[in-house]
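>>> All I have is the shape, not the residue letters:
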């Protein structure tokens, strides 16, 4: 894409939450050569509160999907805040979508599509869709969804 | 290896299930330079049904191991179907083996060996064995095992 | 860093447990170009026993954090034992911290800091801190924590 993430976000009219401060000893993102690695992000709302709950329990699959989209907005905020502006993303390589799900929940891919559909809108279908796993586990602060991602940068 | 995956599979007499259609917004695999990334694959049988159940619950460790081998056959089917035939795999770099296990289950490595032993047979011990984690979580559609992998391509 | 890991460990007075033998069909580590991939490591004590238990259940968060530090010592032992001595680590790229947690546990980042703080001490804050996810799942042999990591080597 020939425009920056900031410009694309503005163009789409997206409102981004504040970028999260790390909850532990890690960096929000790291660039190594043309690779960009982003730490696991949670669903932060504009008032800095978190979307919490167990998908399949206190949250249904559509609430889970909304949380996954919010993780996407949070990750975009992290990129806008911490990625050097001269660096531009070429494509999504890999996404690990982690759903705070009950042991019986079966629709993790439906939930994580909330994130992946946003990436496809922002970067385009050709570049915004990479490989993915979407699975269930327990998450920090009882957040509903956490996602880590790996991007390729333009050379 | 000097022969293609298709030839090696034929030589070994393996029967591959149909390659899975993505259940969400992701690609089955992605090539970036010499790296090949493969999305999380489940255990698909030849009639397109899935091997489901909780290992340590409705399934024992040997049924789990069979499911992990079937994930390997499914991943080979994905490679044969979606990887450009001119690209050849040099070695397995990394495997994340995810077992749909009860919280008390302790033999995730035994289960995931079903996948890893198949890769060692197909690509040889030198090239078919990479780094690995084998852990327990909840999985889409209650599949017994899901595995994502990262390969190096020949230059 | 201009000194080797072995020298740095000696300088810090760290006592390393024996490097684990693989529990399955995988390598302890793999070098591809300048990238070093390390398999999921558990918390091995000096007498070869494992730190086991569910964090949030039989173990509290501080016991979990100690286990994560012990995973760090185990990983350093793996590096000293299996990485060619002429290869030197430039920085930590990525850590996946997996806590054997109860479904209600919420402090995975606090636990995994036990590992990350050790890496920051050994490699320095600039190079020892990479991206990270810290999440909960079930683990082999009921170990309290398992961590896999991805490093960049010096050229």
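All right, it came through fine. All values derive from a computational prediction rather than experimental measurement.

>>> got the residues of chain A near chain C?
Residues of chain A found near chain C (Cβ under 8 Å from any Cβ of the partner chain) are A:23-30, A:32, A:37-40, A:54, A:96, A:98, A:103, A:137-142, A:146, A:148. Where you see a C-beta, it was placed from the backbone N, CA and C, and this is true even at glycine.

>>> Now list the buried members of these.
Among those, those classed as buried by 16 or more other Cβ atoms under 10 Å in any protein chain shown are A:23-30, A:32, A:37-40, A:54, A:96, A:98, A:103, A:137-140, A:142, A:146, A:148.

>>> where's the closest residue to residue A:96 other than its chain neighbours, which helix or strand?
Take residue A:96 and drop its neighbours on the chain: the residue closest to it by Cβ to Cβ, 6 or more residues apart in numbering or on different chains is residue A:148, 5.0 Å away. Using DSSP states H and E, residue A:148 falls within strand A:145-153.

>>> helices and strands around the helix or strand hosting residue A:118, which ones?
Element membership for residue A:118 (DSSP H and E) is helix A:108-123. Counting contacts by 3 or more Cβ pairs under 8 Å, 6 or more residues apart in numbering or on different chains; DSSP states H and E, helix A:108-123 is packed against helix A:5-12, helix A:61-82, strand A:89-100, helix A:125-128, strand A:131-137, strand A:145-153.

>>> what about the nearest residue to residue A:89 once chain neighbours are set aside, how many neighbours?
Leaving aside its chain neighbours, residue A:89 sits nearest to residue A:151 (5.1 Å; criterion: Cβ to Cβ, 6+ apart). Residues near residue A:151, counting by other Cβ atoms under 10 Å in any protein chain shown, number 26.

>>> hang on, residue A:151 packs against residue A:93?
Yes - the pair residue A:151 / residue A:93 is scored as a contact, 6.1 Å apart, by Cβ atoms under 8 Å.

>>> what do these two both touch?
residue A:35 (Cβ atoms under 8 Å, 6 or more residues apart in numbering or on different chains).

>>> Just the pLDDT for residue A:23.
At residue A:23, the model reports a pLDDT of 81.

>>> Straight-line length of stretch A:54-67, end to end?
End-to-end distance of stretch A:54-67 (Cα to Cα, to the nearest Å): 11 Å.

>>> Can you point out the buried residues in it?
Across stretch A:54-67, burial judged by 16+ other Cβ under 10 Å covers A:54-56, A:59, A:61, A:63-67.

>>> and chain A, which residues reach chain B?
A:93-95, A:101-110, A:112-113, A:116-117, A:120, A:129-137, A:152.

>>> still on that earlier bit, a markdown table please, covering the helices and strands packed on helix A:108-123 and showing mean pLDDT.
As requested, the helices and strands packed on helix A:108-123 are exported to a markdown table (pLDDT from 0 to 100):
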| stretch | mean pLDDT |
| --- | --- |
| helix A:5-12 | 94 |
| helix A:61-82 | 98 |
| strand A:89-100 | 98 |
| helix A:125-128 | 96 |
| strand A:131-137 | 98 |
| strand A:145-153 | 98 |
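
>>> which residue of chain A sits farthest from its center?
Of all residues in chain A, residue A:104 has its C-alpha farthest from the mean position, at 24.0 Å, by Cα atoms, centre = their mean.

>>> That residue sits in which helix or strand?
Going by DSSP H and E, residue A:104 is not in any helix or strand.

>>> Chain neighbours aside, what residue packs nearest to it?
Closest residue to residue A:104 apart from its sequence neighbours, by Cβ to Cβ, 6+ apart: residue A:56 at 6.2 Å.

>>> List the contacts of the one you found.
Neighbour list for residue A:56: A:101-102, A:104-105 [criterion: Cβ under 8 Å, 6+ apart].

>>> any chance of those in JSON lines, with pLDDT too?
As requested, those are exported to JSON lines (pLDDT from 0 to 100):
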{"residue": "A:101", "pLDDT": "98"}
{"residue": "A:102", "pLDDT": "97"}
{"residue": "A:104", "pLDDT": "96"}
{"residue": "A:105", "pLDDT": "98"}
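
>>> top of those by neighbour count?
Result: residue A:101 is most packed of the contacts of residue A:56 (other Cβ under 10 Å), 31 neighbours.

>>> residue contacts, the closest residue to residue A:155 other than its chain neighbours?
Of all residues not flanking residue A:155 in the chain, residue A:34 sits nearest, at 5.9 Å (Cβ to Cβ, 6+ apart). For residue A:34, the contact set (Cβ under 8 Å, 6+ apart) comprises A:90, A:152-155.

>>> Residue A:34 and chain C: what is the separation?
Residue A:34 sits 13 Å away from chain C, going by Cβ to the nearest Cβ, to the nearest Å.

>>> next one: residue A:68
From residue A:68 to chain C the distance is 15 Å (Cβ to the nearest Cβ).

>>> coming back round to it: the strand holding residue A:148 packs against which elements?
On a contact count with 3+ Cβ pairs under 8 Å, 6+ apart, strand A:145-153 meets strand A:35-41, helix A:61-82, strand A:89-100, helix A:108-123, strand C:131-137.

>>> among these, which is nearest residue B:124?
Evaluated with Cβ to Cβ, the helices and strands packed on strand A:145-153 place strand A:89-100 nearest to residue B:124, the distance being 26.0 Å.
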